[in-house]
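> build the 3D model from these lines:
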Amino acid sequence: MTFQAIIPVGGYAGWKFLERTREDQSQLMNKSPVLAREVKYFEEKIGSVKNAQDLIRDHTLLKVSLGAFGLSEDIPNKAFIRKVLEEGSAAEGAFANRLSDKRYFELTKAFGFDQQVPNTQKSSFAEQIVSAYQKQSFETAVGEQDQNMRLGLTVQRKLTEIASSDKSEKAKWFLVMGSPPLREVFETAFNLPKSFGTLDLDKQLEVFSEKAAKSFASPNLSQFADKEARDELIQKFLINSQIKQANQSFNAQSTALQLLQASSSRGLLGY
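All right, here's what the predicted structure looks like:
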């Protein structure tokens, strides 16, 4: 039986429930037969993987590996993933370094197939990937019930990591902009239009910083290393998401009503 996350209500109330029950629900999911079987297989077999081709030819190993980085949808794209993994991350012109989605960079850096000895040969590697896979699997299960809740979990996990890093503030914002889930959270929390992503990257950075300064304590992304700031961001995101959904529903109902009224009027006039 597949694990199903429990989220009784949506919005911020649902988020607070998820926070309270997250640990218990995660442990329950990790004990589910399918996930436990995949984890055991990965732990037993990953040490035999020496290159990208070894990984790609084994469906379960590839599933766990991509799933650990939120890239499960790329399982059929074997040629693409092989190119990402084989070129690695060390060379400036490597394929993953040219992609805007930085999850591919994180994937290839973690495996290190461009090194003389890949990271798959390290004793701690399996534990590292399995832990990430379990977290991502829980986020996926939550997303099947409520996608906004999944994005909230991504903020807690990924934004904490970025905000706490020793990178420059500009580099941190660019990492957020290169993460589709984090970008969606910030754009929604800041009420930015869909066209925002078409702006020049430096202009986007400027807007994000200005919005952060107005809505929070500082224009710096580092402030989100603090749990209170992350919680406030998630709250703004969830509230604005609900408002947007309500507006879309109202507009759809209004359009339907206008069409019905127009149809009724034509009938009365004998059209």
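
> pLDDT below threshold where in the chain?
Scanning the chain with the threshold set as pLDDT under 70 gives 1, 246-271.

> if you set the cut-off to 50 instead, what comes out?
1, 250 (pLDDT under 50).

> can you pull the domain assignment for it?
What the record gives for the chain is the domain set 11-145, 167-262, from automatic domain parsing.

> those: which one's closest to residue 154?
domain 167-262 (4.3 Å; Cβ to Cβ). For glycine as for every other residue, the C-beta is placed from the backbone atoms N, C-alpha and C.

> just give the number of residues close to the nearest residue in space to residue 81 that is not next to it in sequence.
In space, and not counting its chain neighbours, residue 81 is closest to residue 74: 5.8 Å by Cβ to Cβ, 6 or more residues apart in numbering. Neighbourhood size, residue 74 [other Cβ atoms under 10 Å]: 18.

> now do the contacts for residue 74.
Neighbouring residues of residue 74 by Cβ atoms under 8 Å, 6 or more residues apart in numbering: 66, 80, 81.

> and the residue nearest the centre of the chain, how far from residue 40?
By Cα atoms, centre = their mean, the chain has its centre lying nearest to residue 181, at 4.1 Å. As for residue 181, its distance to residue 40 is 29 Å (criterion: Cβ to Cβ, to the nearest Å).

> with residue 132 instead?
Distance, residue 132 to residue 40, using Cβ to Cβ: 16 Å.

> more neighbours: which of those two?
Neighbour count, other Cβ under 10 Å: between residue 132 and residue 40, residue 132 has more, with 19 against 11.

> in which helix or strand does residue 138 reside?
helix 125-145 (DSSP states H and E).

> show residues contacting that helix.
Against helix 125-145 from outside (Cβ under 8 Å, 6+ apart): 3-7, 18, 22, 25-26, 29-30, 35, 38-39, 42-43, 46-47, 64-65, 67-70, 72, 110, 119, 149-150, 153-154, 157.
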